[in-house]
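Q: Structure, please.
(2 chains)
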Amino acid sequence: MQFKRLAVTAISTAMLVSASGIQARNLIQNKGSDTLVNVAQAWAEAYQSVNPDVAVAVSGGGSGTGIAAMINGTVDIANASRKMKDKEVKMADEQGHHPVEHTVGFDALAVYLHQDNPATQLTIEQLKQIYIRDGKATKWSDLGLKVPGCSSDEIVVVSRQNNSGTYAYFKKAVLGKSGKYRSGTLDMHGSKDVVDLVEKTPCAIGYSGLAYATDHVKLACVATDDKSSCVNPSVASASDGSYPIARPLFMYTNGEPKGDIKGYMDWILSDEGQCIILKKGYAPVRAVQCP
Amino acid sequence: MFEATALNRRNDRTQALFRMLFLLMTLVLIVPVLIILTTLIVKGGPVLSVDFLFTSPTDGMTAGGIFPALFGTIWLVAVALLVSVPLGVAAAIYLSEYAPDNWMTRVINLAIINLAGVPSIVHALFGVGAFVIFFGFGTSILSASLTLAIMTLPVVIVASRESLQAVPHAFREACWNMGATRWQTIRKVVLPNAVSGILTGVILEVSRTTGETAPIMFTGAAFFLPFLPQSVFDQTMALSLHLFVVSTQVPGVPEALPYGVALVLIAMVLLMNSVSIAFRMYLRGKKKW
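A: This is a model prediction of the structure:
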């Protein structure tokens, strides 16, 4: 039976290959926010050379996914671009998990426009009228704008899927506590998808982390109200709090971090870890000197 | 006496017309394949190199290679095959050789057809509920491969059953008449004659398993892992998910990179298929009828 021999060879080779690679290591499970996933990946990648005995496995899926996993106790560190709700903390407590919040950076939530869009500044009120249910702004002309290439004049409103932390934060910051999103928004499944779509669609407006900016889109200068002057999204304006829609980024651990997890969290908040988040386009938690 | 009449000529014209029409439609079929392959080779070809295949991604997945994903996909497919082939072939043998034609067999057949029609994302959620949470395998290669195995089981069963049934009944009768038992007949006569058809099922399964993303996304595949999986209880990166990640999740990826990943994914499927096809042709050559 040649087939049998072939199968046996294949299986034993696979076992040999895997056995030869075995080494002692401790695994940290890290899951959640799509906003943070690229920073989390960069941290995990860089941490290999800092502490080769610890490996960090990173998965995305959205803040909601990370928080749900924290509640189930299937992750060591959950990434979230929004705070855990009281209800969620209570659910985790009931399961015997005690989430502890760590602020690891700040993110300016940029408002993306097509590069031909003539808008220079937008106020929070204008954004609200664009995004809120039954809001007054449905056409660009409602905002006094004529967008080249957008013959229909309709505003194509781009939003995110509802388990996204970005979705939740934008809702709270722009639509207010009880505000609901307009129906008929295009809900994209990732920060990068929003920017990609806006880049190609003259009529569109969207929101995403500043880190996803490309050279082919325009970032709106955002003003708190008519009277104040607008602020451009940047790492600096997110850190000093002058940009109106900047948010903290969190990592949750189960209880105060201990052992390898503490080592990893401490490193993330060290100058080295904070320089990585800065390089990825987010604001660090404090001023750091980077090489 | 046999001169073509107007009717004959019209019939001939219609004949030629339909022939052309159907030929054109068949050609349309291969156009997408050609376009996909050329695009992938033109755009993804330049990034391919030995380094690309055998190094890990670096610089936040915007550079470096795809080795962990490639390695992970091989793991996932191998474990899924180890589960689904014995299970599927055994079920097919029962259904083809032993099962009486009664309501239970009909229910089983119906279940197989329905299982084949379940969308992959539903299999994924089933996998999360059953393997990840209920059996407590966690997000691991084992959970992902079991999910893939269940998803592809109907393909293996149906293909194996068809090829078992294609073995002429006279072969079995001849064998029984020599005093052989049912199991002896299956092992010495039916299976050897059906093995090329069974392989077809396996080929189809391999192609499908390699490319599936949804079933492994929640059950075992990770966005990034700084190590290679060392047992079936580890998570793994996988080519299909890696392609999704570099094309939609990571900013600043060079344009050629996702195409390179896609090219490797397709090449892997084609390679595995051609190995199996070659093996199958060899077996068929040995067939005596």
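
Q: average pLDDT across stretch B:222-239?
A: For stretch B:222-239, mean pLDDT is 86.

Q: Which residues belonging to it are considered buried?
A: Applying a neighbour-count criterion of 16 or more other Cβ atoms under 10 Å in any protein chain shown, one finds B:222-230, B:232, B:234-239 buried in stretch B:222-239. Backbone N, C-alpha and C define where each C-beta goes, glycine included.

Q: cool, stretch B:49-64 as well?
A: B:F52, B:S56, B:P57, B:G60, B:M61, B:G64.

Q: now, the most widely separated pair of those?
A: B:F52 and B:G60 (16.8 Å; Cβ to Cβ).

Q: which residues in the stretch 151-289 of chain B form helices?
A: Counting by DSSP state H, counting those that start in this stretch, the stretch 151-289 of chain B has these helices, from start to end: B:169-177, B:182-185, B:191-211, B:214-217, B:239-248, B:256-285.

Q: I'd like to know which elements the longest one is packed against.
A: In terms of contacts (3 or more Cβ pairs under 8 Å, 6 or more residues apart in numbering or on different chains; DSSP states H and E), helix B:256-285 is packed against helix B:6-44, helix B:50-54, helix B:67-93, helix B:191-211, helix B:239-248.

Q: so how far is that helix off the chain centroid?
A: Put simply, helix B:256-285 sits 11 Å off its chain's centre (Cα atoms, centre = their mean, to the nearest Å).

Q: Please apply the same query to the second one.
A: The offset between the C-alpha centroid of helix B:182-185 and the centroid of the whole chain comes to 30 Å, using Cα atoms, centre = their mean.

Q: Could I get the average pLDDT for that helix?
A: 90.

Q: which one of the helices of the stretch 151-289 of chain B lies closest to A:S242?
A: Nearest of the helices of the stretch 151-289 of chain B to A:S242, taken as Cβ to Cβ: helix B:239-248 at 31.7 Å.

Q: any residues touching the closest one, and which ones?
A: With contact meaning Cβ atoms under 8 Å, 6 or more residues apart in numbering or on different chains, helix B:239-248 is reached by A:60, A:189-190, A:192-193, B:61, B:66, B:69-70, B:72-73, B:210-213, B:216-217, B:221, B:223, B:253, B:257-258, B:261-262, B:264-265, B:268.

Q: Out of those residues, which end up buried?
A: Counted by 16+ other Cβ under 10 Å, those give A:60, A:190, A:192-193, B:61, B:66, B:69-70, B:72-73, B:210, B:212-213, B:216-217, B:221, B:223, B:253, B:257-258, B:261-262, B:264-265, B:268 as buried.

Q: isn't A:G60 right up against A:N30?
A: No. With contact defined as Cβ atoms under 8 Å, A:G60 does not reach A:N30; the gap is 10.2 Å.

Q: and the stretch 101-250 of chain A, which residues reach chain B?
A: Within the stretch 101-250 of chain A, the residues that sit near chain B (Cβ under 8 Å from any Cβ of the partner chain) are A:H189, A:G190, A:K192, A:D193, A:V195, A:A211, A:Y212, A:T214.

Q: Run through the residues that contact the first one.
A: The contact partners of A:H189, by Cβ under 8 Å, 6+ apart, come to A:R160, A:Q161, B:T248.

Q: how near is the first one to B:V77?
A: The one in question is A:R160. Distance from A:R160 to B:V77, counting by Cβ to Cβ, to the nearest Å: 33 Å.

Q: With neighbour numbers in mind, choose between those two.
A: More crowded of A:R160 and B:V77, by other Cβ atoms under 10 Å in any protein chain shown: A:R160, with 29 against 24.

Q: and the closest residue to the more buried one other than its chain neighbours, helix, strand or coil?
A: Once flanking residues are discounted, A:R160 sits nearest to A:Y167: 4.0 Å by Cβ to Cβ, 6 or more residues apart in numbering or on different chains. Assigned with DSSP: H, G, I helix; E, B strand; the rest coil, A:Y167 falls in the helix class.

Q: and the helices of the stretch 151-289 of chain B, which is most packed in?
A: Mean neighbour count (mean count of other Cβ atoms under 10 Å in any protein chain shown) peaks for helix B:214-217 among those, with a mean of 26.

Q: which residues make contact with it from outside it?
A: B:76, B:120-121, B:123-124, B:127, B:144, B:147-148, B:151, B:238, B:240-241.

Q: Go again with 6 Å.
A: With Cβ atoms under 6 Å, 6 or more residues apart in numbering or on different chains as the test, helix B:214-217 has contacts from B:S120, B:I121, B:H123, B:A124, B:G127, B:A144, B:T147, B:L148, B:M151, B:A238, B:L241.

Q: now B:M281: how far from B:I266?
A: 22 Å.

Q: can you redo the contacts of A:H189 as TSV with pLDDT?
A: Converted to TSV, these look like this (pLDDT from 0 to 100):
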residue	pLDDT
A:R160	90
A:Q161	87
B:T248	80
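
Q: before we move on, back to that, keep only the buried residues of stretch B:49-64 that also lie close to chain A.
A: B:G60 (Cβ under 6 Å from any Cβ of the partner chain).

Q: Out of the buried residues of stretch B:49-64, list just those in strands.
A: The members of these that map onto strands under DSSP state E are B:P57, B:G64.

Q: List phi and psi for residue 225.
A: In the absence of a named chain, chain A is used. Dihedral angles of A:D225 (phi, psi; degrees, to the nearest 10) stand at phi -150, psi -180.

Q: meant chain B actually
A: Torsion angles at B:L225 (phi, psi; degrees, to the nearest 10) stand at phi -130, psi 130.

Q: same deal with A:D240?
A: For A:D240, the backbone dihedrals are phi -90, psi 0 (criterion: degrees, to the nearest 10).

Q: What is the burial count for it?
A: Neighbour count of A:D240, defined by other Cβ under 10 Å: 14.

Q: do the one 4 residues further on as well
A: By the criterion of other Cβ under 10 Å, A:P244 has 21 neighbours.

Q: my read: it touches A:V222, true?
A: Yes. Contact criterion Cβ atoms under 6 Å: A:P244 and A:V222 qualify, at 5.5 Å.

Q: And for the helix or strand that contains A:T35, what's in contact with it?
A: Here A:T35, judged by DSSP states H and E, is contained in helix A:34-50. Helix A:34-50 is contacted from outside by A:30, A:56, A:58, A:60, A:62, A:79, A:81, A:166, A:190-191, A:209, A:249, A:268, A:276-277, A:280, B:60, B:223-224, B:226, B:250, using Cβ under 6 Å, 6+ apart.

Q: All good on my end, thank you.
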